[in-house]
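Undergrad: Whatever this is, show me its structure:
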Amino acid sequence: MKKIYTLKAIETPRLIIRLVKLGDEVPLNKAINNSLESLQRWQPLAKDPSLEATRSYIIKGVSSITSKTINDLPMVIIHKKDQKIIGASEYNDRSNPNEEVYEIGYWCDVNYQGKGYVTEYVNALTRYAFEELKAQKIVIRMETGNIKSIAVAKRLKFKNQGTNPSVSRKGAEDYLFTRSTLKNLPPLEISWDT
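TA: As a prediction, this is how the structure comes out:
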């Protein structure tokens with residue numbers, strides 16, 4: 001996990017993915033509130049859409065990064081052309097760097113959905129985890145009703161491992177998609193700065 005502390009940015013043709021930093025709270029909160037209706041069903045981050053809650057999320061993320069005690073590794077997604085934060089992603093707290101397993105969580109501003117951005121940045125984070133972090137397995141988990149997230153996992157050829165009780169909502173079920181190699185991952189031009 002040591003290499004993760006030196007990550008500055010991951011770049012794809014259309015996006016920049018970087019660790020959260022102070023100052024991200026206003027544009028990130030705007031993206032959350034643009035997408036509130038769809039996000040509140042799937043993302044715990046959107047349960048409280050206030051600027052203070054977003055600021056607290058950013059401060060917690062920055063603190064864990066600087067103290068090198070990462071449980072969650074929150075990142076923002078920046079649209080290169082528009083220079084706007086259009087979503088967030090992470091290697092979340094169910095990741096286990098000691099076992100080289102990384103779970104990716106993600107969401108995107110509704111104004112930028114349907115253009116392949118989520119697929120692009122999840123592909124980039126998958127590649128980074130395998131190539132730089134030496135991951136043995138990547139996991140994507142979503143509730144069985146989250147059709148858009150399921151489509152991302154399928155487009156990236158993650159393997160559906162079945163269902164488990166939901167980790168975020170009582171009484172619901174999650175699909176668990178995994179990948180243990182880069183083989184058959186759709187091609188993507190990617191670079192990173194560490």
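
Undergrad: Val167 contacts Val139, correct?
TA: No - between Val167 and Val139 there is no contact under CB atoms under 8 Å: 11.2 Å. No exception for glycine: its C-beta is placed from N, CA and C like everyone else's.

Undergrad: Now the common contact residues for those two.
TA: Both Val167 and Val139 are contacted by Arg94, under the criterion CB atoms under 8 Å, 6 or more residues apart in numbering.

Undergrad: So between these two, which is more surrounded?
TA: Val139 (22 against 15; other CB atoms under 10 Å).

Undergrad: Make sure that one is indeed in a strand.
TA: Yes - applying DSSP: H, G, I helix; E, B strand; the rest coil, one finds Val139 inside a strand.

Undergrad: confidence score at it?
TA: Val139 is assigned a pLDDT of 97 by the prediction.

Undergrad: check which helix or strand covers the closest residue to Asp72 other than its chain neighbours.
TA: Leaving out its chain neighbours, the residue that sits closest to Asp72 by CB to CB, 6 or more residues apart in numbering is Asp93, at 4.8 Å. Under the criterion DSSP states H and E, no helix or strand holds Asp93.

Undergrad: What about Asp93, how many residues nearby?
TA: 14.

Undergrad: can you tell me how far it sits from Ala9?
TA: Computed as CB to CB, to the nearest Å, the Asp93 to Ala9 distance reads 22 Å.

Undergrad: So the most centrally placed residue in the chain versus Met75, what's the distance?
TA: Computing the C-alpha centroid of the chain and ranking residues by CA atoms, centre = their mean puts Ser89 first, at 2.2 Å. Look at Ser89 and Met75: by CB to CB, they are 5 Å apart.

Undergrad: and for those two, which residues touch both?
TA: In contact with both Ser89 and Met75: Ile17, Leu125, using CB under 8 Å, 6+ apart.

Undergrad: Point to the helix or strand of the chain where mean pLDDT is at its lowest.
TA: Counting by mean pLDDT, DSSP states H and E, the weakest-scoring helix or strand in the chain turns out to be helix 36-42, with a mean of 82.

Undergrad: secondary structure class for Gln161?
TA: In three-state terms, and counting by three-state DSSP, Gln161 is strand.
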